[in-house]
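Enquirer: here are the coordinates; sequence isn't available:
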């Protein structure tokens, strides 16, 4: 599964209410047919910000990906999401039916007390959710230490996994509670509140990009009325 930015381009030519989205700049404006090589654009081409990243490029963050497939090609609203943690080196820690696993940032190798996980490529296209901003080295050391302490708990063995009662969210919320950051505590009272505060805002933004990407792939060139958005 590729985590490469597809490079959606946006520009505006003859209609200030419409923006044109594409993967390659056309020779002519899709609205007025004017040659784009000889006219001035109202908005020069720019790349639409890509909301996804590779987990190995993150540090001390929550990381989210679809349970099955990837975001751009497979994700649908209300589909199950899988969540994990990265440490200060970008290693991913996750808990599922195979138990707690760590996928190294700089290789596809995986360590686990129970089993070998799937390839780190699964985390090449994920959402990153920073929890503590402007971390210094002491904070990073503390984050890594709490991951280590959390990982030692017996509840992350494969036979302790429960789809509804003890899952990937349980692992992340347990870690965040042990991190003991005062501002986080109201969000950690339940999985519902946690998702509302941390997951939903990220997935809403990602859903807009996914819808745009799929439209551009289908149509080649997509013209959107910005007044209606």
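Expert: Yep, that arrived. Here the structure is a predicted model, which is why all the values come from computation and not from measurement.

Enquirer: how about stretch 122-140: buried residues?
Expert: 122-129, 131-132, 135, 140 (16 or more other C-beta atoms under 10 Å). Yep, even glycine has a C-beta here, placed from its N, CA and C like the rest.

Enquirer: now do stretch 16-25
Expert: In stretch 16-25, counting by 16+ other C-beta under 10 Å, buried: 18-22.

Enquirer: now stretch 63-72, how far from the chain's geometric center?
Expert: Chain-centre distance of stretch 63-72: 8 Å, with C-alpha atoms, centre = their mean, to the nearest Å.

Enquirer: try stretch 48-63
Expert: 6 Å.

Enquirer: ok, now stretch 9-21?
Expert: 27 Å.

Enquirer: contacting residues around that stretch?
Expert: With contacts defined as C-beta atoms under 8 Å, 6 or more residues apart in numbering, stretch 9-21 is touched by 8, 22-26, 29-32, 34, 36, 39, 41-48, 212, 215-216, 221-227.

Enquirer: Can you give me the end-to-end span of that stretch?
Expert: One end of stretch 9-21 sits 5 Å from the other (C-alpha to C-alpha, to the nearest Å).

Enquirer: What mean pLDDT does that stretch get?
Expert: Averaged over stretch 9-21, pLDDT sits at 93.

Enquirer: The lengthiest helix in the chain: what's the following helix or strand?
Expert: If you go by DSSP state H, the chain has its longest helix at helix 200-219. Of the helices and strands lying after helix 200-219 in sequence (DSSP states H and E), the nearest is strand 221-225.
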